[in-house]
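Q: Requesting a structural model of the entry that follows:
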Amino acid sequence: MPDVERSSSGQQLSLASLCSDSRLETARAILRGYRPWSSEQDRVRENILAFTDEHEDAALRSCAPGHLTASALVLDAEGTRALFTHHKKLGLWLQLGGHCDGETNLARAALTESIEESGISALVIDPAPIDVDIHTIPARKNEPEHLHLDTRFLVWAPPGAVEVCSEESIELAWIELKDLDALDTDDSVRRLARLLPKSRSTPR
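A: Below is the predicted model:
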């Protein structure tokens, strides 16, 4: 597994310092700037870029075949635990994040979703992606099966942060990274945790 420092920028930005954008080229530029840590990550990144070339509405959830999403591994101040949501709709423990809803600054979208889902307003983000993923969302009552084309980031909570569960979650929990394999989640979430050597997971 790679060292996350290969792709991280070392920055820690608040929501206020991230400019909102609606141009799809902004999302493309962020994806092009991502340095994939494997050939598979490169393939996924290229597939997401190809999707944005084919769908000018890719940042909107109204794009029926699929849409861009942004998510984050939210770490505590010590960098040993991550905050996960027991997702109401999918029934799995997942990292925080969600739909971009027209926001093409993917780091801002990821941080916005993390703040909304955690109730922690003082989160900060490294704006360099650490992982990309394409996964299928099963059909539900009001929507067909579709793709989520996800760009993932690293986010930190301040010391003493207290989470507040949103209506999107059954519950929230801080999980030790070493215990993640026992969690009812998917392989892409476990992959996120494996990207982080313990000694280098805290902000600098």
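
Q: Would you mind finding the longest helix in this protein?
A: Secondary structure of the chain per DSSP state H: the longest helix is helix 39-54.

Q: and the spatially most central residue of the chain, which of the three is it?
A: Central residue of the chain (Cα atoms, centre = their mean): residue 71, 1.6 Å from the mean position. Following DSSP: H, G, I helix; E, B strand; the rest coil, residue 71 is assigned to strand.

Q: what bridges to it?
A: Per DSSP bridges, the residues bridged to residue 71 are residue 97, residue 152.

Q: now it: how far from residue 78?
A: Distance, residue 71 to residue 78, using Cβ to Cβ, to the nearest Å: 21 Å. Where C-beta positions appear, they are placed from N, C-alpha and C, glycine not excepted.

Q: before we move on, what about residue 60?
A: Relative to residue 78, residue 60 is positioned 38 Å away (Cβ to Cβ).

Q: which one of these two has more residues nearby?
A: When residue 60 and residue 78 are compared for neighbours, residue 60 comes out ahead with 16 against 12, by other Cβ atoms under 10 Å.

Q: Now the more buried one: closest residue in space, sequence neighbours ignored.
A: Distances taken as Cβ to Cβ, 6 or more residues apart in numbering put residue 102 closest to residue 60, at 5.6 Å, once the chain neighbours are dropped.

Q: Mind checking what secondary structure that neighbour has?
A: Three-state assignment for residue 102 (three-state DSSP): coil.

Q: rewinding a little: may I see the buried residues of the longest helix of the chain?
A: Within helix 39-54, the residues that count as buried by 16 or more other Cβ atoms under 10 Å are 41, 44, 45, 48, 49, 51, 52.
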